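[1] Need the 3D shape of this:
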Amino acid sequence: MEIIKFNKQDFLTPYQLALKLGENKDNIKKSMRTLFVRGVKIMANNHKAPLITRNGNTYRMHPLGFETFMEFFNKQKVKA
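    Purely as a prediction, here's the structure:
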């Protein structure tokens, strides 16, 4: 299996994700915070990696976790 390496720039911030999806940045940040607190993990290169990481006040989403994030985000939109 090929190991994929990521740079810091590959991890999306709420603002970058909002631009990509055309959604409200605050809603995305709220969802990222919830997933971070829950400690959601994804499989990346045959090991578990956190879906959302935090550096100070900035949340960042793992590049391989886009699909997982979208499932959660769409469920949150339906509830609201």
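[2] Going by C-alpha atoms from here, please, whenever you check contacts or count neighbours.
    Fine.
[3] List the contacts of Leu17.
    Leu17 makes contact with 25, 28, according to C-alpha atoms under 8 Å, 6 or more residues apart in numbering.
[4] in the strand or helix carrying it, what's buried?
    Following DSSP states H and E, one finds Leu17 within helix 14-21. Using 16 or more other C-alpha atoms under 10 Å as the test for burial, helix 14-21 gives 14-15, 17-18.
[5] now swap in stretch 37-56 and tell me
    Within stretch 37-56, the residues that count as buried by 16+ other C-alpha under 10 Å are 40-42, 44, 49-53.
[6] ok, of those residues, which one's closest to Phe66?
    Leu51 (8.7 Å; C-alpha to C-alpha).
[7] Quick check, central residue of this structure?
    What sits nearest the mean C-alpha location of the chain, by C-alpha atoms, centre = their mean, is Met61, with 3.0 Å.
[8] Return the residues in contact with the closest residue to Thr58 other than its chain neighbours.
    In space, and not counting its chain neighbours, Thr58 is closest to Thr13: 7.1 Å by C-alpha to C-alpha, 6 or more residues apart in numbering. Residues in contact with Thr13 (C-alpha under 8 Å, 6+ apart) are 58-61.
[9] Show me the shaky parts of the protein.
    Filtered on pLDDT under 70, the chain yields the residue ranges 1, 80.
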